[in-house]
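Colleague: Take this sequence and fold it.
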Amino acid sequence: MAALVPERVIQMGLTAASLGLLGLGLAVMFATRQANARRNMTIEAVSGFIEKDASPSFVCDQDGEVVRANAAARKAYGTRGGETLAGTLRNTFANPGGILFRLQGVAKDAGSAREDIVTRKGHMRLAVHDMGDSRLLWRLEAVPDIGQGRGADGPGLPMIMIGRTGAILYMNEPARTLIGGRVKSLDAVFEKLPVAYGQTNGIATAEGPVDVLATRVDAGAGRTAVYLLPPPEGKADTGAWSSFEDLPVPLVRFSPDGTVRSFNRKGADLIGPDLVEGVHISAIMEGLGRPISDWLGETVSGRAVQQSEFLRLKRTDKEMFVQVALNRMNDLDEVSIVGVLADATELKTLEAQFVQSQKMQAIGQLAGGVAHDFNNLLTAISGHCDLLLLRHDQGDSDYSDLVQINQNANRAAALVGQLLAFSRKQTLRPEELDLRDTMSDLTHLLNRLVGEKVSLSLTHDPVLKPIRADKRQLEQVLMNLVVNARDAMREGGVIEIETECITLTEPLERDRVSVPVGDYVCLRVKDAGVGIPADKLQKVFEPFYTTKRTGEGTGLGLSTAYGIVKQTGGFIFVDSKLDEGTCFSIMFPVLEQTAEKPKKVAKPLVASEPKHGDGVILLVEDEAPVRAFASRALRLRGYTVLEADSAEAALKTLEDASLNVDLFVTDVVMPGKDGPSWVKEALVERPEVRVVFVSGYAEDRLSDQQDSIPNSVFLPKPFSLNDLAETVHKQLH
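Modeller: Model prediction:
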C-alpha cells in the first residue's frame, strides 16, 4: 500500500493541474468575450452617432477594411461591410491607398489628421480619428472651391489650375460658366476667349475685358492657379481691385514708379506694418541685385524676361524672403503693376543650408589635400632639422638657428591641424576625461589669457560624469571661447564657465539639429559682452567669418571649435542678445563605463632616447624628401632599411623569397596602389610582418581598412625623428 501513495499523489496533482488549466481557459474566454462586447458596443455607439451625418463616414480597422458605413456613405458609394476603404474611394482619389496610409500614420501619433485634396469633382476634405482598439473613424466632406473668398457675399471668382504642360487640372463652377464649359488645356481657354493677351495681360469676353492673375501654388508639382477677374458692373476696364481683397494669396498694387497704391489683407499679413499706401517698394524689399525701377519698367513695357524674383523683406523682427511675380494691369485710365507674393523663407533657408554644406564640403576637401602636402613638407623640414641637431650642441653658433627652424615647423604643423579642425578631418587622440580636472589644469593659462580687467568664475556639477575626448583639442576649444568672451567685454567683467550633467528623456530639437536621448555633460561659457545680432548668429561657426575688426580675428576660432566638438560626437549651440551677452553651450555624451579603468602610468618629465635596435625595414614613401629623412633616421638607430617609391616597387622587392623583412613602414596615400592594398597582398606570403602606416591625412581615412590588418599602428605626419624611432622600436619589440 505504501508504494501506491506516490501514484495517487501524482494523479491528484494532474487532476488539480487540469482543473487549473480549465479555469484559466474559461477566464481567458470570458475576458475575450467581454473585450469583444465592449468593442462592439463602442462601434455600435459610434455607428449610431454618424448614421445621420450628411457626410460619408466609415469605421475601419487598421487594415482598411470597412466595419461600418453610414447612410451617406452607402448612398454615395454603395459601401458594405468587408470592403476596403481604398477600394471604395478608388474613383474619387487618384491614389487613395497612399493618402489613407499617410493620414493613418499621422492619426496613430497625433490622434487625428485631415487633408484637403483636389479631385475631379472639386475639393474634398478627408479626416480620420483614432478610436483605439485598432479602429479608425473616417469622414469625407466637400469644401468650397478656392476663390470663393471667405466672407465674400458674391459668387466665387473664376479659377482654373494648370500643370507644367498647360493641361488644366481643375476648374471651378464660375470658370466653367465664364468660359462656356470644361476645357482640357490653357490654349483652349484663349481660343474661346480671344484677346491681345500678351499686351494687356487680360482676355476679352462678351461681357467685357477680364484681367488674368496667375500665382504658383505648388512649385514642386508645377501647378499654377489662374484667377480670371471680371470688371465691376458698369465699367469697361479692369478696375476690379476690390475683388482682390479676399483672394487667398498676398497681393500688392504698385504704380509704374514703384509706389504702393493698395494691397489686400494677405499682403499686409506677409509684409508687416511697413506696408502702407505711398511707400516705395525699395523701402520694404531688397536684394534684387539691380535697381528695382528697371524691373518695374521692364514689366510695364512687356520686356521682362523673368517676372518672378526672390527678395528679402526689410523687417526688423525676423528675416523673411518673398517670391514676387509682377503683372501689368490696366486700372481705369492708368497702368498699375500687381505683385503676387509668396513666402519663400523656408525655401531660401533650405537653399542657404545646401549652399553652406557644399561650401563646407569643398573647404574640407581642400583642407585635406592642402594638409597632406603641407604635412609632407613639414615632415621633411622638421626631420632634417632633427638630423642636423644631432650633429650640433648648444655651444655651436648654428644651434639656435636650428632650434628656431624646428619651433616654427611645429607652429606650422599646429596651424595645419587648426585648418583640419573645422573640416573635422584632424587626427584625434581621445581619452577618458573629467572636465573638473581638465579645467583645473587649464585655469592658470586661461587667467593669463583674459588679462587684468576680466576674471573667471568656475562652477562644477558635484557629480560630474566622465566623457571621452581629445584633451589637447578640448583645451583649444575652451581657449577659443574664452578669448572671444574676453574680446566681447572691452570694459571688463566676469566670464562664467559652468559644467552640468543633464539627462534628455526625449530628443532635443534645436537649430535644425536633433540631440538624441541620453546622458550628457554640458559645458557653458558665458559673458556679459556686446552680444551677437540675431541675423549673424547662424554664421558664427562658418570658416573665415568674423565680426571683429580687420586684424583682430581670422574667423577660424569658432569654426575650429565647431569642428572639434562635432568630430568628438558632441553638440555646440550659441545664445546671444545685443548688449546683454553670449552663452556657448557644448554637450558631450557621457562615457559609458564598460570595463575597469586602467591605471595611469606617470610619464617621465624628460623624453627618453629611443633604444637602438636591429631588424630589416621596408620603407615605402612616394615623397623623396620624406623617404630620405626617414631612411637616414632609421639607419642611425641601427636598422637595415630597404627603400621603395611606390607600392608596385615594394611588391617587386618582396618577390625575393630569401629576403627577410621584419617591418613595413608605408605611406597610406600613394599613386597607384595605396598602402593598405599592397600591405594586404604582401601579408599573404609574410603574415608575421608588422606594419607602421604614416599619412598626412586623418587616421579615420584609414581606420576601416586598418582593422583588417593585424599588428598595424598609425603614425600621423608630421613626425619627428624620435616619434618615428619610438614607434618602430615598439612595433619590433
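Colleague: alpha carbons only for contacts and neighbour counts from here, please
Modeller: Will do.
Colleague: The residue nearest to Leu313 when sequence neighbours are not counted: neighbour count?
Modeller: In this structure, Leu313 finds its nearest non-sequential neighbour in Met285, 4.5 Å apart by Cα to Cα, 6 or more residues apart in numbering. Met285 is flanked by 19 other residues according to other Cα atoms under 10 Å.
Colleague: Now for Met285: which residues touch it?
Modeller: Applying Cα atoms under 8 Å, 6 or more residues apart in numbering, we find Met285 in contact with Leu311, Arg312, Leu313, Lys314.
Colleague: And those residues, which is closest to Tyr399?
Modeller: Arg312 (61.8 Å; Cα to Cα).
Colleague: Give me the distance between the closest one and Ala344.
Modeller: Distance from Arg312 to Ala344, counting by Cα to Cα, to the nearest Å: 9 Å.
Colleague: shared neighbours of those two, anything?
Modeller: Common neighbours of Arg312 and Ala344 (Cα under 8 Å, 6+ apart) are Met320, Phe321, Val322.
Colleague: Serialize the residues you listed to TSV and add fields for distance to Arg261 and neighbour count.
Modeller: Below are the shared contacts of Arg312 and Ala344 laid out as TSV (distance: Cα to Cα, whole Å; neighbours: other Cα atoms under 10 Å):
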residue	distance to Arg261	neighbour count
Met320	22	20
Phe321	22	25
Val322	19	22
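Colleague: Out of those residues, which sit inside strands?
Modeller: Members of those lying in strands (criterion: DSSP state E): Phe321, Val322.
Colleague: Just give the nearest non-adjacent residue to Glu432, would you?
Modeller: Using Cα to Cα, 6+ apart and skipping the chain neighbours, the partner closest in space to Glu432 is Arg468 (4.6 Å).
Colleague: can you pull the buried residues of the one helix or strand that neighbour maps to?
Modeller: In the assignment (DSSP states H and E), Arg468 maps to strand 467-469. Buried residues in strand 467-469, counted by 16 or more other Cα atoms under 10 Å: Ile467, Arg468, Ala469.
Colleague: what residues are up against the residue nearest to Glu432?
Modeller: Counting by Cα under 8 Å, 6+ apart, Arg468 makes contact with Pro430, Glu431, Glu432, Leu433, Thr568, Pro589, Val590, Leu591.
Colleague: By neighbour count, which of these wins?
Modeller: Counting neighbours by other Cα under 10 Å, Pro589 leads the contacts of Arg468 with 23 neighbours.
Colleague: what about that residue, distance to Val565?
Modeller: 11 Å.
Colleague: same deal with Ala412?
Modeller: 22 Å.
Colleague: State the number of residues packed around Arg176.
Modeller: By other Cα under 10 Å, 15 other residues sit near Arg176.
Colleague: for Phe714, same thing?
Modeller: Neighbourhood size, Phe714 [other Cα under 10 Å]: 20.
Colleague: Across the sheet, point out what pairs with it.
Modeller: Assessed by DSSP bridges, Phe714 has beta-bridge partners Phe693.
Colleague: pretty sure it contacts Val692?
Modeller: Yes. Shown here, Phe714 and Val692 form a contact pair, counting by Cα atoms under 8 Å, at 5.9 Å.
Colleague: Check the model's average confidence along stretch 617-634 for me.
Modeller: Averaged over stretch 617-634, pLDDT sits at 90.
Colleague: just the contacts of Arg468 now: which is nearest Ser47?
Modeller: Relative to Ser47, the closest of those is Pro589; by Cα to Cα it sits at 52.1 Å.
Colleague: what ranges of the stretch 301-450 of the chain fall below the confidence cut-off?
Modeller: In the predicted model, the stretch 301-450 of the chain carries pLDDT under 70 at residues 305-307, 331-333, 353, 356-357, 359-361, 363-364, 367-368, 415, 417-428.
Colleague: where exactly do the helices run in it?
Modeller: In the stretch 301-450 of the chain, the helices defined using DSSP state H, counting those that start in this stretch lie at 345-390, 399-421, 435-450.
Colleague: For His129, which of these is the nearest?
Modeller: So among those, helix 345-390 is nearest, using Cα to Cα, at 30.0 Å.
Colleague: Pro516 is in contact with Pro589, correct?
Modeller: No. Using Cα under 8 Å as the test, Pro589 is too far from Pro516 to be in contact (9.7 Å).
Colleague: sorry, back to before: can you redo the contacts of Met285 as CSV with distance to Ser457 and neighbour count?
Modeller: Shown next, in CSV, are those (distance: Cα to Cα, whole Å; neighbours: other Cα under 10 Å):
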residue, distance to Ser457, neighbour count
Leu311, 46, 20
Arg312, 42, 18
Leu313, 42, 22
Lys314, 40, 19
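Colleague: Redo the residues you listed as CSV? Include distance to Val252.
Modeller: Converted to CSV, these look like this (distance: Cα to Cα, whole Å):
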residue, distance to Val252
Leu311, 14
Arg312, 16
Leu313, 14
Lys314, 16
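Colleague: Now intersect those with the strands, please.
Modeller: Reading strands off the contacts of Met285 with DSSP E, I get Leu311, Arg312, Leu313.
Colleague: Looking at those residues, spot the one nearest Glu334.
Modeller: Of all these, Glu334 sits closest to Leu311, with 26.5 Å by Cα to Cα.
Colleague: residue ranges with poor pLDDT in the stretch 1-150 of the chain?
Modeller: For the stretch 1-150 of the chain, the stretches with pLDDT under 70 are 1-46, 48-49, 81, 120-122, 144-150.
Colleague: now the helices for it?
Modeller: Remark: helices assigned in the stretch 1-150 of the chain by DSSP H, counting those that start in this stretch are 5-50, 71-77, 85-88, 96-110.
Colleague: Give me the nearest residue to Arg139, chain neighbours excluded.
Modeller: Ser57 (4.4 Å).
Colleague: Test my guess that that neighbour contacts Arg74.
Modeller: No. Contact between Ser57 and Arg74 fails when scored by Cα under 8 Å: they sit 9.2 Å apart.
Colleague: Looking at those two, which is more packed in?
Modeller: Regarding Ser57 and Arg74, a neighbour count based on other Cα under 10 Å identifies Ser57 as having more, with 26 against 15.
Colleague: Okay, that one and Ala649: tell me how far apart.
Modeller: 78 Å.
Colleague: ok, now Lys184?
Modeller: When distance is defined by Cα to Cα, Lys184 is 72 Å away from Ala649.
Colleague: And Arg411, by the same measure?
Modeller: Taking Cα to Cα, one finds Arg411 at 35 Å from Ala649.
Colleague: Then Leu478?
Modeller: Applying Cα to Cα to Leu478 and Ala649 gives a distance of 47 Å.
Colleague: One more: Arg436?
Modeller: Distance, Arg436 to Ala649, by Cα to Cα: 52 Å.
Colleague: So the two - more neighbours on which side?
Modeller: Arg436 (18 against 12).
Colleague: Touching, that one and His460? I think so.
Modeller: Yes. Using Cα under 8 Å, Arg436 makes contact with His460 at a distance of 6.9 Å.
Colleague: from what I can see Ser112 touches Asp130, true?
Modeller: Yes. Shown here, Ser112 and Asp130 form a contact pair, counting by Cα under 8 Å, at 6.1 Å.
Colleague: so where do the strands sit in the stretch 501-650 of the chain?
Modeller: For the stretch 501-650 of the chain, the strands defined by DSSP state E, counting those that start in this stretch cover 508-510, 513-515, 518-527, 571-577, 581-589, 616-620, 640-644.
Colleague: highest average neighbour count across the ones you listed?
Modeller: Among the strands of the stretch 501-650 of the chain, ranked by average contacts under mean count of other Cα atoms under 10 Å, first place goes to strand 616-620 (a mean of 22).
Colleague: Could you list the residues in contact with it?
Modeller: Strand 616-620 is contacted by residues 627, 631, 639-647, 650, 660-667 when judged by Cα under 8 Å, 6+ apart.
Colleague: change it to 7 Å
Modeller: 639-647, 650, 660-667 (Cα atoms under 7 Å, 6 or more residues apart in numbering).
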